[in-house]
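Asks: Prediction below, plus the sequence it came from.
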Amino acid sequence: MANVSIEDIKKLKELSGAGLTDAKNALVEANGDFDKALEAMRKKGLTKAEKRGDRETREGLIDAYIHDGRIGAIVELNCETSFVAKTDEFKDLAHKIAMQVASMAPLYVSEEDIPEDVREKKLKELEENFKGPEKMKEKILEGQLKKAFSDKVLMNQPYILDDSKTVEAFIKESIAKTGENITVRQFKRIELGVTE
C-alpha cells in the first residue's frame, strides 16, 4: 500500500468535494500520486454530475454583474435546495456566470433554446454555400451549424476565466462538488446605447 498522508487526504477531499474515505481510496489507487488521484476523483465527480442532470432545480438565486457602468448582465441560476443556493460557492458561481454573459454576449442558454426558424435559416445558408463531397454533406453541415452557433450558446462558450473548458464543464464541476443539479434558467444582457 502506498504511503498516503492525512494532509493529502484532506486536501483531496476539499478539492474534489468527496468524502474522506473516497479521497483516501483514490490516493491509495493512485499509489500516492496526488495529481493522478485528483484527476480520477474529478472524472468520477463529473460522471455523477451527468447523472444528476435530470433532477429538478426549483431553488436558486438571481445575480447581476455590471461592467464599467456600460454593460450589465442578470442571471437566474437554479439548484435543487435552498441550502445550496445560500452557500458562498453557489453565489460565486452565479456571479461568474453573470460575468460570462456580460463579457461574451451569448444569445441562448443551450442549443435547445435556438429557435427552429433561426436554425433552419442558418442551415439553408450553409447548404447554399456548401462545397464538399455529397456523401459527407449532412455530417459536414451539422458540424458547420454547431460551429456557427457555438459562440452564441452560453453552455458552449469557452469559460472566460479558464478557456480550457466550456461554461458547461465549469458548471458540471460545481454540480460534482455540491451534489446537486445546477442549471442556468435565463439571462439578460444590457449594453448602454444598444437596443435589441
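Replies: The structure has been received and is ready for your questions.

Asks: all strands for the protein, in order.
Replies: Read by DSSP state E, the chain holds these strands, from start to end of the chain: 59-67, 71-79, 158-159, 162-166, 183-191.

Asks: Please parse the protein into its domains.
Replies: Per automatic domain parsing, the domain ranges recorded for the chain read 6-52, 59-109+152-191, 115-150.

Asks: For these, which has the smallest mean pLDDT value?
Replies: Mean pLDDT per stretch puts domain 6-52 lowest among those, at a mean of 72.

Asks: circling back: would you mind finding the most buried of the domains of the chain?
Replies: domain 59-109+152-191 (a mean of 18; mean count of other CB atoms under 10 Å). In this view, the C-beta of every residue, glycine as well, is placed from N, C-alpha and C.

Asks: How far does that one sit from its chain's centre?
Replies: Between the mean C-alpha point of domain 59-109+152-191 and the mean C-alpha point of its chain there is a distance of 8 Å (CA atoms, centre = their mean, to the nearest Å).

Asks: go on, stretch 7-14?
Replies: On the basis of CA atoms, centre = their mean, the separation between the geometric centre of stretch 7-14 and that of its chain is 25 Å.

Asks: mind starting the numbering at 8 from now?
Replies: Got it, the first residue is 8 from now on, which makes the last one we talked about stretch 14-21.

Asks: Now do it: everything it contacts.
Replies: Taking CB atoms under 8 Å, 6 or more residues apart in numbering as the criterion, the residues outside stretch 14-21 that touch it are 25-27, 29-31, 33-34, 39, 41, 44-45, 48.

Asks: again, but for stretch 110-127
Replies: 74, 107, 152-153, 156, 158-164, 167, 191-194, 196, 198.
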